[in-house]
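K.L.:
Sequence and predicted structure below; questions after.
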Amino acid sequence: MRFQAAVLRSCEAPFAVEEVILRTEPAEGEILVEIAGCGMCRTDLAVRRSAGRSPLPAVLGHEGAGVVVRTGGGPAPGIGVGDHVVLSFDSCGHCRNCLGAAPAHCDSFASLNLFGGREEDTPRLTDATGRALAPRWFGQSSFARYALVPARNAVRVDPALPVELLGPLGCGFLTGAGAVLNTFGAGPGDTLAVFGAGAVGLAAVMAATAAGVPTVAVDRHPGRLALAERFGAIPLPAAAAGLPERIRRLTDGGAQYALDTTASPPLVNDALHALRPTGTLGLVARLHTALPLEPGTLDRGRGIRHICEGDAVPGLLIPRLTGLWQAGRFPFDQLIRTYPLSDVNEAERDCEAGRVVKPVLIPEGRSR
């Protein structure tokens with residue numbers, strides 16, 4: 001099966017949209033999905049900073065959504081040909097954490113999602129010359145017209161929804177909203193401070209507003225702060241003097257919860273100082289340097305933890321988020337700008353420059 005995909009051949013090279021070949025049919029428990037749209041996530045772009053640690057060339061993309069065109073039989077409950085699906089992260093389904101409804105903390109998360117693939121996988125996707133492309137990125141590799149994925153990755157959604165826009169619900173928006181709704185379990189009476197108003201941070205703001213949680217949003221870009229304010233948050237510039245004190249005043253003595261999406265040590269310390277006693281800070285961004293904590297940041301019962309994929313069970317949270325969107329309470333579509341797959345490099349430039357919150361790539365020539 002031949003189709004177009006965006007291939008990253010080296011950390012320094014632009015994406016190349018070229019013909020690739022899928023050399024196998026779906027196996028048991030797998031589905032073939034015609035991709036309607038795929039979000040571009042910072043995690044995709046982080047591959048460029050992993051020279052020597054990521055096998056290239058590869059097809060990236062892990063916020064895909066589309067229509068099932070083939071199934072391989074076996075366990076795929078509720079999913080069949082013609083179904084509209086959102087694709088999320090891969091998990092084994094049988095380790096202690098998966099069985100405990102914590103698939104984001106699957107014992108095999110790294111090997112299944114960060115190019116390792118499943119042990120039974122052999123190279124099945126190649127370029128037109130026959131050169132193997134890396135195993136499925138987050139079980140998807142969905143910067144392409146088609147993606148062969150484990151059915152476990154897929155969440156069936158209402159076909160009346162705009163499937164081409166739903167892909168980011170499988171990772172970026174899931175992470176921000178899940179941090180608020182799952183990890184924190186925030187609700188009326190709580191307060192939240194969000195540091196970094198990108199896709200994850202703004203999803204957290206929208207989820208907090210939907211849950212009745214007053215929120216302060218901190219960012220260095222005025223445009224992002226304007227979006228946060230539109231979605232119900234009080235905006236604060238990251239460079240504001242006395243940031244923790246200002247947040248404590250705005251949240252009646254300190255935020256009960258804070259979410260950092262920046263991995264900036266100064267802002268992480270500001271977030272901890274802004275918490276009320278017994279408050280919790282969640283970190284979603286990967287730290288690339290040591291994190292020095294200032295004296296007093298963890299006093300009085302304050303805590304800090306890492307959050308992966310919003311601690312979500314995708315099959316539960318994604319329908320909740322689409323329901324909130326249909327009710328006008330989670331307007332994630334306002335963060336999206338679509339690009340044809342052939343403009344993948346323009347989408348990357350706009351993302352890196354902050355000109356767009358969430359690019360979504362639309363494969364050309366897909367069936368309607």
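P.N.:
That came through fine. Just so it is clear, the structure is predicted and the values come from calculations on it, not from any experiment.
K.L.:
in terms of contact, does Gly282 touch Ala258 like I think?
P.N.:
Yes: the criterion here is CB atoms under 8 Å, and Gly282 meets it with Ala258 at 7.2 Å. (C-beta placed from N, C-alpha, C; glycine too.)
K.L.:
Now that we're looking at the closest residue to Ala144 other than its chain neighbours, what pLDDT does it have?
P.N.:
Excluding its sequence neighbours, the residue lying closest to Ala144 (CB to CB, 6 or more residues apart in numbering) is Ala5, at 3.5 Å. With respect to pLDDT, Ala5 has a value of 97.
K.L.:
After the one helix or strand Ala5 maps to, which helix or strand is next?
P.N.:
Using DSSP states H and E, the element containing Ala5 is strand 2-8. Per DSSP H and E, the first helix or strand lying C-terminal to strand 2-8 is strand 16-22.
K.L.:
Can you tell me the strand partners of that following strand and which way each runs?
P.N.:
Using DSSP bridges, the strands paired with strand 16-22 are strand 2-8 (antiparallel), strand 125-127 (antiparallel).
K.L.:
now the helix or strand containing Pro266, how far from the centre of its chain.
P.N.:
Pro266 belongs to helix 265-273 when assigned by DSSP H and E. In terms of CA atoms, centre = their mean, to the nearest Å, the centre of helix 265-273 is found 23 Å from the chain centre.
K.L.:
ok, back up a step: give the bridge partners for the residue nearest to Ala144, please.
P.N.:
Glu18, Ala144.
K.L.:
shouldn't it be in contact with Phe143?
P.N.:
Yes: look at Ala5 against Phe143 with CB under 8 Å: they come within range, at 6.1 Å.
K.L.:
where do the strands sit along the stretch 1-150 of the chain?
P.N.:
2-8, 16-22, 30-39, 58-59, 64-71, 84-87, 125-127, 146-150 (DSSP state E, counting those that start in this stretch).
K.L.:
Can you pull out the residues in contact with the fourth one?
P.N.:
So the one you mean is strand 58-59. Identification of contacts with strand 58-59 by CB atoms under 8 Å, 6 or more residues apart in numbering yields 5-8, 20, 47, 115, 125, 133-134, 137, 141-144.
K.L.:
Out of the residues you listed, give me the one that has the most neighbours.
P.N.:
In terms of neighbours by other CB atoms under 10 Å, the contacts of strand 58-59 top out with Ser142 at 34 neighbours.
K.L.:
circling back: can I get the strands of the stretch 1-150 of the chain in JSON lines including distance to Pro222?
P.N.:
What follows is these, written out as JSON lines (distance: least, CB to CB, whole Å):
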{"stretch": "strand 2-8", "distance to Pro222": "31"}
{"stretch": "strand 16-22", "distance to Pro222": "34"}
{"stretch": "strand 30-39", "distance to Pro222": "24"}
{"stretch": "strand 58-59", "distance to Pro222": "36"}
{"stretch": "strand 64-71", "distance to Pro222": "31"}
{"stretch": "strand 84-87", "distance to Pro222": "32"}
{"stretch": "strand 125-127", "distance to Pro222": "42"}
{"stretch": "strand 146-150", "distance to Pro222": "37"}
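K.L.:
do you know which of those strands lies nearest Gly172?
P.N.:
strand 30-39 (6.3 Å; CB to CB).
K.L.:
quick one, what contacts the closest residue to Asp107 other than its chain neighbours?
P.N.:
Of all residues beyond its chain neighbours, the one nearest Asp107 is Cys95 (4.0 Å), with distances taken as CB to CB, 6+ apart. Applying CB under 8 Å, 6+ apart to Cys95 gives the contacts 106-108.
K.L.:
who wins for neighbours among those?
P.N.:
Cys106 (23 neighbours).
K.L.:
Out of the strands paired with strand 16-22, which gets nearest to Ile362?
P.N.:
In terms of CB to CB, the element of those nearest to Ile362 is strand 2-8, at 11.7 Å.
K.L.:
What count of nearby residues applies to Leu45?
P.N.:
14.
K.L.:
Surely it touches Asp350?
P.N.:
No: at 11.7 Å, Leu45 does not count as touching Asp350 under the criterion of CB under 8 Å.
K.L.:
follow-up on the earlier one: ok, now how distant is the residue nearest to Ala144 from Tyr257?
P.N.:
Ala5 is 39 Å from Tyr257, where distance means CB to CB, to the nearest Å.
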